[in-house]
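Here is the input, now give the coordinates:
(2 chains)
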Amino acid sequence: MRVTSRRYASCIVVRPEGRLDHDTCDPFGTQLTLWVDTAARDRGTLVLDLSGLEYVSSAGLRCFMLGSRHAKASGTAIVVAALQPMVAEIFAISHFDRLFRVFPDVRAALAESSGEALAAFDKA
Amino acid sequence: MRVRFWGTRGSIPVALTAADIRDRMAQVLMRASGRTFASFEEAHAFARDELDFSLTHTFGGHTPCVEMVIPGDEYYVCDVGSGARPFGTHVLAREAGRPATVNVFMSHVHWDHIMGFPFFGPAYVKGTTIRIHGVHDVLEHAFRLQQSPPCFPVDFSQLGARIEFVKLEAGRPYRLNDVTVTPHLQLHSGDSYGYRFEHGGKSAVYSTDSEHKLEDRAEAEGFADFFRDADVVIFDAMYALAEAISVKADWGHSSNIVGVELCQMARAKRLVLFHHEPANNDATLEALLNEARRFEELTRVEHRLEVSAAYDGLEIDL
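Numbering: from 1, shown residues only, chains lettered A, B, ... in the order given. Next up is the predicted model:
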């Protein structure tokens, strides 16, 4: 699995690509914790751009949940955006859409988080 | 081999209320609006074929008690929750005065898994043999304790049946008559044990009150081996995944989604969702079943897993 990140003002957009499951969740979870720390330090939001995520298992969803718990404890939040249809359905089936704010795309997620982040996104 | 479910609810028995039945009848009347039925059979066929399960049935009901029906003279049952009362009535009726031999396999001794024993009719019949198998050291103590004053009027020592406690070791297969039974350690407060039953080339796994830590691949693989190629896996699916790993993490239970994943890893043939959350009504339980079925479809790779939800009275032929 490949993961990239981009900054938009105080917000961080993290984009995992491929499959998030037992084999890939540990390194992803470690990275996610570090990004949450950065977002918290800058008083921004962490947006998970899931447009490149093909599949997420229960172990992968647990990574999101642990990241979200860490974010709340650090005074920030993780939101998710741009879910592919299959991943969107898995979010609904597992009731993860009740734990996370879900946005149709990254722009909508940033618009909700910060005007500066939205401006930076539109400019990029 | 057949699996017969006498009790399927977790934690505490649940019954439909008068208001539930009234609401349900009103919904059925709305669904049948404008229809006429020439006979009871025609109305029955409408209820069976055209109405949702959550309108025409109830998941129930009693706390865990699951019978493995295996040809021969003896009975095999997992846990003696409140479902042990109707199971006992069934044994007494079937034996019609003959003394029965009942082999009980205990997942653990939390109250919902032992509460039916004081109401298990055969325990009061002289000549009956009850062998209570389990891995916990406290097995006998727990059974005696719940039938001690001031909790129950009949002391354990007054029961008419010959009651034996049989200590098992986890991971070791045991042969009883022509049945092989293997206990497996599970994560639950005070530990719990699943059981794999094998007879005549068929296998059934009873795995309730079992939490799965998703980050632990070795644990998942251990359960996949325990479930391997089973004809049926009866699985603790008390919660939706989000609940199981957030607010109810460390409560010792699992989810429908993890049940599908482990059974797919094990290439089991059928998953039965079990130990239903008492706060969930029939419509919610049906929704959880449909979500599990959809998840199985979405994630299926060649091997098809049949998914159903247990209810009191369900029978599955293997």
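
which residue packs closest to residue B:90, ignoring adjacent ones?
Excluding the flanking residues, the one nearest residue B:90 by CB to CB, 6 or more residues apart in numbering or on different chains is residue B:6, at 7.8 Å. Yep, even glycine has a C-beta here, placed from its N, CA and C like the rest.

Could you list which residues are in contact with that neighbour?
B:62, B:65-67, B:77, B:83-84, B:86-87, B:90, B:312 (CB atoms under 8 Å, 6 or more residues apart in numbering or on different chains).

can you tell me which of the residues you listed are in strands?
Per DSSP state E, strands hold the following members of the contacts of residue B:6: B:65-67, B:77.

ok, the residue lying closest to residue B:245 once chain neighbours are set aside - how many residues close by?
In this structure, residue B:245 finds its nearest non-sequential neighbour in residue A:62, 5.3 Å apart by CB to CB, 6+ apart. Residue A:62: 21 surrounding residues under other CB atoms under 10 Å in any protein chain shown.

Residue A:62 in helix, strand or coil?
State at residue A:62, reduced to three classes by DSSP: H, G, I helix; E, B strand; the rest coil: helix.

Am I right that it is in contact with residue B:215?
Yes - Residue A:62 lies in contact with residue B:215 (CB atoms under 8 Å); the separation is 6.6 Å.

thinking again about what came up before, mind pulling up the pLDDT for the residue nearest to residue B:245?
At residue A:62, the pLDDT value in this model is 94.

Looking at the ones in strands among the contacts of residue B:6, which is nearest chain A?
residue B:66 (25.0 Å; CB to the nearest CB).

in the sheet, who's paired with that closest one?
residue B:5, residue B:78 (DSSP bridges).

burial count for it?
Applying other CB under 10 Å, I find that residue B:66 has 28 neighbouring residues.

Can you list the residue ranges for helices in the stretch 51-200 of chain B?
Counting by DSSP state H, counting those that start in this stretch, the stretch 51-200 of chain B has helices at residues B:53-56, B:84-95, B:111-114, B:139-146.

What count of nearby residues applies to the residue nearest to residue B:84 when sequence neighbours are not counted?
Excluding the flanking residues, the one nearest residue B:84 by CB to CB, 6+ apart is residue B:116, at 3.0 Å. Number of residues near residue B:116 (other CB under 10 Å) recorded here: 25.

Need the pLDDT of residue B:116.
pLDDT, residue B:116: 98.

That one against residue B:89, yeah?
No - in this structure, residue B:116 is not within contact of residue B:89 by CB under 8 Å, at 11.2 Å.

Can you check which residues contact both of residue A:62 and residue B:215?
Jointly contacting residue A:62 and residue B:215 under the rule CB under 8 Å, 6+ apart are residue A:25.

so residue A:11 sits right up against residue A:38, yeah?
No - using CB under 8 Å, residue A:11 is not in contact with residue A:38, being 10.3 Å away.

Pick out the residue nearest the middle of chain A.
Nearest to the mean C-alpha position of chain A, by CA atoms, centre = their mean, lies residue A:48 at 1.8 Å.

Give the pairing partners of whatever helix or strand that residue lives in; include direction for each.
Element membership of residue A:48, judged by DSSP states H and E, is strand A:46-49. Strand A:46-49 has its sheet partners listed here by DSSP bridges as strand A:11-20 (parallel), strand A:78-81 (parallel).

Can you give me the buried ones in whichever helix or strand comes after the first one?
The reference is to strand A:11-20. Per DSSP H and E, the first helix or strand lying C-terminal to strand A:11-20 is helix A:25-41. By 16 or more other CB atoms under 10 Å in any protein chain shown, the buried positions in helix A:25-41 come out as A:25, A:28-29, A:31-32, A:35-36, A:39-40.
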